[in-house]
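# Turn this into a structure:
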Amino acid sequence: MNFVEYIYNRIKADRSLDITLTILTVGIFPLMLVLVVENTHLQSLPALLRFMSGSIGVLVYDYFFVAIIFAGLALILRQVWLAMFVEGCVLYSLSLVEYFKFDANGTHFSIADLVMAGKVSDIARFTKIDINFVMVINLTILILYVLWTAFLRIRVNLPVMKSLSLGAGTLALLTAVISVPAIYTSVYKLCGIDYQPTYSPYSSDEVFQNNMQIAFLSQNISERITQKLSKPQNYSEDAIEALLPEKSESQGGDFQSPDVILIMSEAYTDFRRFDGLSVPKDTYSNFDRLSREGYKGKALVPTFGGYTCKTEFELLFGLPVKGIGNEDIPHQLFTDGSPRPTFASYLKKRGYTTSFLHPFSASFYNRDKAYKSYGFDNLYFENDFTVKQTRLGGYIDDSTLVRQIQATLKQGGDKPNFIFAVSMQNHGPYTDTNKYAIKDSRLTAEEQAEVGRYLYGIGQTDKALNELTAYLKTRSKPTVLMFIGDHYPYLGKQGALYKKLTKSVSGYSLYQQPYLLWSNYRHDYALPQERVSAFYLPHILGDYINLPKDRFLTDMQQMMRTTPQYSFDLGENSPDAQALQEFTYDRTQGEAYSASARSN
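Residues are numbered from 1 along each chain as shown. Modelled structure (predicted):
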């Protein structure tokens, strides 16, 4: 008889000891798992102790949240160690994802990120995966705890059907608690959990610091259920018809079917707005020149530091992402292949060849599936590019993207082209070299290197813009270019860099982006003088090329004048708010009545 079996038999021989160890093992597990999860992303024992002492209500909620899931799994799986293993692996893995995601781009892990499951290799390209001592220790504690439970051979002895029913009922109870507003608001308030909706990484970080990961995930699920896009009351063809103007707007000029290029540039923005920052000379020289040759405007994008596809959605649909509940990853709503009325599909009906270019993984953000719904004839991802590829910081650079745009134009034939290009070059992290570091006494050495590396990439984008427009000037075919950055980059630990550079980081200043409208043939257009939401940009582009308008496009032009900004909490009291919400539902989840409205 070996020593392990000897100890096991001694425990089982003492019924009182056996029961005590079983109760302690099962009862302590939820607390142990909560502490392992929180410590894995905090990476600090003092920070963990401050959480335990300063957020008792949240800690109590976390315990019961984990305990209820554990109980449900144990009743279903019947082996207690197996339930611990499953729940422990999932929550520990999520704590690792939280740590690496926040370290890379300053955004916390949310339920929306689960759409990226199975694309770990793509996510790993955004950050440096570095397993440290704290992670190893926490994993070791979890493994030893599961092995101890397996050693005790604790199992559920109820009849199978009864055990399964109780397990399902237990999990259903938790589902009700976090999904029914009347219940979860009371529970969250009682436990001191912040459950207010968040619209930016800064407000999200404040909520996270109060709730920590487990309560944050629970609150995030509740928030997504509450904000879930629902069918408008009395939604019907007649209701949509009533929102539209009586007739479409007459055109102000001839429609020449020019080639149209819309570039959404990864993390592009103008850092000269930060007073005192030493921006290298010529970083924006070509952008400035093209602004003088064409037009420069101000747009309000719906995201900061990440979730590129929110701005992508607005540029594709010409509608606010707010209309779909500020969905973090809109593409996941459009993976069934059903056609949607986008700007691309509208141009396609008017004889355009439509192409989407993105020098990154086809499956990331489900773009390969979603773009089949958006009206594009051709999809070019990183493995589909036909030109020589060059890279910067691990990503295919903007010079390559420009070469592919040129190649696409050349092979387009007699039909006009619409090209929507989403770049990748300036995606973070910006940590590959220190040789581009700028000098700024407000910033740490690490931050100076990070900003310098970012600005170097922006300078390379500026050169690529020059390459593209120099080529377009040689073409006899009328061609229009619109260029905008998707969001500000996330820089500095916990966004501290922006707090050092500007006094306003919580408002909308870090959501304002310059955009460029330029062509090789037209020089008589007036952009809106005020800042407009990014979803109006396709309508500005359509107006610039004298694109024939249906009643929906006519209405959007009118709303751009009356409600220029509809994002976050802006525009909610506007008389256009209902129409914007209902149009968004109609054209994304509904029957697209507004795309085929009767002509009056």
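
# going forward, measure contacts and count neighbours with C-alpha atoms only.
Will do.

# can you give me the strands in the stretch 151-300 of the chain?
Per DSSP state E, counting those that start in this stretch, the stretch 151-300 of the chain carries strands over the ranges 259-265, 295-300.

# so how far is the first one from its chain's centroid?
Mean-position distance between strand 259-265 and its chain equals 21 Å (Cα atoms, centre = their mean, to the nearest Å).

# buried set for it?
Of the residues in strand 259-265, 259-265 count as buried by neighbour count, 16 or more other Cα atoms under 10 Å.

# And stretch 278-285, by the same measure?
Along stretch 278-285, the positions that meet the burial threshold by neighbour count (16+ other Cα under 10 Å) are 279, 283-284.

# Can you verify Q578 is assigned to a strand?
No - the assignment for Q578 by DSSP: H, G, I helix; E, B strand; the rest coil gives helix, which leaves it out of any strand.

# Can you pull out the low-pLDDT segments for this structure?
1, 105, 114-128, 198-202, 227-229, 250-252, 432, 493-495, 504-507, 597-600 (pLDDT under 70).

# in its sheet, what does the helix or strand where L481 lies sit against?
Applying DSSP states H and E as the criterion places L481 in strand 479-485. Looking at strand 479-485 with DSSP bridges, its paired strands and their directions are strand 259-265 (parallel), strand 512-519 (antiparallel).

# What is the end-to-end distance of stretch 434-447?
Taking Cα to Cα, to the nearest Å as the measure, stretch 434-447 stretches 10 Å from start to finish.

# Check which residues of it are buried.
Of the residues in stretch 434-447, 434, 436-439, 443, 447 count as buried by neighbour count, 16+ other Cα under 10 Å.

# all strands for this structure, in order.
259-265, 295-300, 353-357, 378-380, 391-392, 395-396, 417-422, 479-485, 512-519, 532-533 (DSSP state E).

# Would you mind putting the CA coordinates of the second one into CSV?
To tie it back to what came earlier, the one meant is strand 295-300. This file holds the C-alpha atoms of strand 295-300, laid out as CSV (Å, rounded to 0.1, in the frame of the first residue of the first chain):
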residue,chain,number,x,y,z
TYR,A,295,-10.8,69.4,-48.6
LYS,A,296,-10.2,68.6,-44.9
GLY,A,297,-13.0,68.1,-42.4
LYS,A,298,-13.6,66.9,-38.8
ALA,A,299,-15.4,63.7,-37.9
LEU,A,300,-16.4,62.0,-34.7
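
# Which strands border that strand, and is each parallel or antiparallel?
According to DSSP bridges, the neighbouring strands of strand 295-300, each with its direction, are strand 512-519 (antiparallel), strand 532-533 (parallel).

# Using CSV, lay out the ones you listed together with distance to F100 and mean neighbour count.
Conversion of the strands paired with strand 295-300 to CSV gives the following (distance: least, Cα to Cα, whole Å; neighbours: other Cα atoms under 10 Å):
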stretch, distance to F100, mean neighbour count
strand 512-519, 27, 22
strand 532-533, 31, 25
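
# Output those as CSV; include the columns distance to I19.
Rendered in CSV, the data for the strands paired with strand 295-300 read as follows (distance: least, Cα to Cα, whole Å):
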stretch, distance to I19
strand 512-519, 62
strand 532-533, 63
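
# Out of those, flag the one nearest H331.
H331 lies closest, by Cα to Cα, to one member of the strands paired with strand 295-300: strand 532-533, at 19.6 Å.

# before we move on, the earlier item: from the chain's centroid, how far away is the strand holding L481?
Computed by Cα atoms, centre = their mean, the chain-centroid distance of strand 479-485 equals 23 Å.

# Output that strand as CSV, nothing but the C-alphas.
C-alpha atoms of strand 479-485 as CSV (Å, rounded to 0.1, in the frame of the first residue of the first chain):
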residue,chain,number,x,y,z
THR,A,479,-10.9,59.4,-59.3
VAL,A,480,-11.9,60.4,-55.8
LEU,A,481,-10.1,59.7,-52.5
MET,A,482,-11.5,59.9,-49.0
PHE,A,483,-9.1,59.2,-46.2
ILE,A,484,-9.8,58.9,-42.4
GLY,A,485,-8.2,57.3,-39.3
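
# Spell out which residues sit in contact with A370, please.
Applying Cα atoms under 8 Å, 6 or more residues apart in numbering, one finds that A370 lies in contact with 331-337.

# Got a quick ChimeraX command for the buried subset of these?
Buried residues within the contacts of A370, by 16+ other Cα under 10 Å, are selected in ChimeraX with:
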select :331,332,334,335
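
# The contacts of A370 into TSV, with extra columns for distance to H358?
Putting those into TSV (distance: Cα to Cα, whole Å) gives the following:
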residue	distance to H358
H331	14
Q332	17
L333	20
F334	18
T335	18
D336	21
G337	19
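
# any idea which of the contacts of A370 is closest to V37?
The closest of the contacts of A370 to V37 turns out to be Q332 (Cα to Cα; 27.8 Å).

# what's the spacing between that closest one and S338?
As judged by Cα to Cα, Q332 and S338 stand 13 Å apart.

# pretty sure Y544 contacts P528?
No - the pair Y544 and P528 fails to qualify as a contact (Cα atoms under 8 Å) at a distance of 11.7 Å.

# out of these two, which sits in the busier spot?
Looking at Y544 and P528 with other Cα atoms under 10 Å, you find the greater number of neighbours at Y544, namely 21 against 15.

# If you drop the residues flanking it in sequence, what lies closest to that one?
Counting by Cα to Cα, 6 or more residues apart in numbering, the nearest residue to Y544 once its immediate chain neighbours are dropped is Y525, at 6.9 Å.
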